[in-house]
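# Sequence unavailable; structure follows:
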């Protein structure tokens, strides 16, 4: 009987160790600036101009900047092209949800503007990246959005 | 009589031995799993993410920066928008002008955390005073969006939208605010207007000039004490002129009509076309965006410095 108990204990230890040995679910939270830098190192954006929380309001009109933990955003300074990248980390998941809506609104506004203004550039918006990753919202409109997304994804893995 | 119930079963030894073997196997499995677990933790350390510095694209540096956490500023209602970071034309220029930028009133409010960031957000060789334009309002199209797009001015000092023409500026809005609402709130000392480029493709010069005249009259009625400066529209590259509706000839004719309108309306006409164009009338390379129509950052600093000098010196741009 005692040996049966010992066997039970050993099984319990094994289970415990197995659980401990399992890979921990680590949440990768890259700095938004690292993501934009990585993307912009391989995908060219036209006349990129960085926006801050103080001046992003002219572009992201629905964005509640008080909900932003950290961000890196570049727009086309000249206004000629729809090139843009925004990596915004929100303070929590709920804020990221509403943040996603705000970024979506920005995307919609860009489509509305450029569809008649520069139809030849619309492919950048048609294939644009608009994703929510945890507390992050990512928006990329560039000449090669698939490549840009692949680069961005690497930093979230 | 056999007491089978008390008789020791010979197979009990086998059971004991099996249990011992099982315990041994469990211990070995336990050790192996522990070793595997430790090895996993060692080998699965996330690798350091590496990336190369982004290239300089166009006339703006592309290196990113962490942004500061401060209160939001509404682009059209916030009366005291903070000074913004100016653009730079090259990394070298940015580095060289880090100190000289301090002489301007344009303060860099973006918190920078890396050397790359420093290069990206450092003020350019701005020979204009940003604060000088704090009570101005620039009304225009996509070309004027570059004033805040490149961070040369606060968006509060600009009422501009991609696609605006002398006609649509009177009927459309920017983020829900009409130009008249904006004027009524801002009450700018100086109103600087540049419109017309967008209409060249589909509106006649006469139509645009007529709408322009109405617009000037409406502004004057609303803000009789404000100074109104009408800017010429900007030149395009030869390639753009050859391939697109906005040709050199049409632009030249439009600017001539605009100058006449300004004289008739008794407002200032300020020629920036000449300064931004080469000897043939086409946009200088250093000022032209890749599309041949819009402007690079260098053009804005030039225009702003010219405007400041023009108003300060009282020199009439019509001459």
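All right, it came through fine. Note that the coordinates shown come from a computational prediction; the quantities given were computed from them, not determined experimentally.

# Nearest residue to residue A:48 in space, please, no chain neighbours.
The shortest distance from residue A:48 to any non-neighbouring residue, by Cβ to Cβ, 6 or more residues apart in numbering or on different chains, is to residue A:74 (4.1 Å). Glycine gets a C-beta too; all of them are placed from N, C-alpha and C.

# lowest-confidence helix or strand of chain A?
Among the helices and strands of chain A, helix A:2-21 carries the lowest confidence by mean pLDDT, DSSP states H and E, at a mean of 61.

# low pLDDT regions in the chain?
Just so you know, I chose chain A. In the predicted model of chain A, residues A:1-26 satisfy pLDDT under 70.

# ah, no, chain B please
Looking at chain B by pLDDT under 70, you get B:1-12, B:14-15, B:19, B:22-24, B:26-27, B:29-31, B:33-126, B:315-319.

# domain assignment for it?
Domain segmentation of chain B under automatic domain parsing yields B:55-126, B:128-313.

# Quick one: the ones you listed as JSON lines, columns for distance to residue A:116 too.
Supplementary listing: the domains of chain B in JSON lines, determined by distance: least, Cβ to Cβ, whole Å:
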{"stretch": "domain B:55-126", "distance to residue A:116": "23"}
{"stretch": "domain B:128-313", "distance to residue A:116": "7"}
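
# Out of these, flag the one nearest residue A:120.
domain B:128-313 (9.8 Å; Cβ to Cβ).

# ok, the closest one near chain A or not?
Yes. Between domain B:128-313 and chain A, judged by Cβ under 8 Å from any Cβ of the partner chain, the touching residues are B:142-143, B:145-146, B:148-151, B:154-155, B:162-163, B:175, B:289-291, B:293-297.

# Which members of the residues you listed are classed as buried?
By neighbour count, with 16 or more other Cβ atoms under 10 Å in any protein chain shown, the residues of domain B:128-313 next to chain A hold B:142-143, B:145-146, B:148-151, B:154-155, B:162-163, B:175, B:289, B:291, B:293-297 as buried.

# Can you name every helix or strand that the host helix or strand of residue B:242 contacts?
Per DSSP states H and E, residue B:242 falls inside helix B:238-243. Applying 3 or more Cβ pairs under 8 Å, 6 or more residues apart in numbering or on different chains; DSSP states H and E, we find helix B:238-243 packed against helix B:248-265.

# returning to what we had before: which ones among the residues of domain B:128-313 next to chain A are found in helices?
Among the residues of domain B:128-313 next to chain A, the ones falling in helices (DSSP state H) are B:142-143, B:145-146, B:148-149, B:297.

# Nearest to residue B:132 among these?
Among those, and counting by Cβ to Cβ, the member closest to residue B:132 is residue B:148, at 15.8 Å.

# Would you mind confirming that the closest one makes contact with residue B:155?
Yes. If you go by Cβ atoms under 8 Å, residue B:148 and residue B:155 touch, sitting 4.1 Å apart.

# Next, name the residue at the spatial heart of chain A.
Centroid-nearest residue in chain A: residue A:138, 3.1 Å away (criterion: Cα atoms, centre = their mean).

# separation between the nearest residue to residue B:196 once chain neighbours are set aside and residue B:257?
Among residues not flanking residue B:196 along the chain, residue B:233 sits closest, at 4.9 Å (Cβ to Cβ, 6+ apart). To residue B:257, residue B:233 is 11 Å away according to Cβ to Cβ, to the nearest Å.

# Show me which of these two is the more surrounded one.
Taking other Cβ atoms under 10 Å in any protein chain shown, residue B:233 and residue B:257 do not tie; residue B:233 has more neighbours (24 against 16).

# secondary structure element for the more buried one?
Applying DSSP H and E, one finds residue B:233 in no helix or strand.

# Next, the contact list for it, please.
Residue B:233 sits next to B:194-197, B:251, B:254-255, B:258, B:273 when contact means Cβ atoms under 8 Å, 6 or more residues apart in numbering or on different chains.

# from the middle of its chain, how far away would stretch A:56-64 be?
Computed by Cα atoms, centre = their mean, to the nearest Å, the chain-centroid distance of stretch A:56-64 equals 17 Å.

# Please say whether there is contact between that stretch and chain B.
Yes. With Cβ under 8 Å from any Cβ as the measure, stretch A:56-64 is seen reaching chain B through A:57-58, A:61, A:63-64.

# Can you list the buried residues in that stretch?
A:56-61, A:63.

# could I get those residues as CSV with secondary structure and distance to residue A:115?
Output for the buried residues of stretch A:56-64, formatted as CSV (DSSP: H, G, I helix; E, B strand; the rest coil; distance: Cβ to Cβ, whole Å):
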residue, secondary structure, distance to residue A:115
A:56, helix, 23
A:57, helix, 23
A:58, helix, 20
A:59, coil, 18
A:60, coil, 19
A:61, coil, 19
A:63, coil, 22
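
# Out of the residues you listed, the closest to residue A:116 would be?
residue A:59 (19.1 Å).

# Longest helix in chain A, by number of residues?
Chain A, longest helix under DSSP H: helix A:93-117.

# Whichever helix or strand comes after it: which residues count as buried?
Scanning forward in sequence from helix A:93-117 by DSSP H and E, the next helix or strand is helix A:122-126. For helix A:122-126, a neighbour-count test (16+ other Cβ under 10 Å) marks A:122, A:124-125 as buried.
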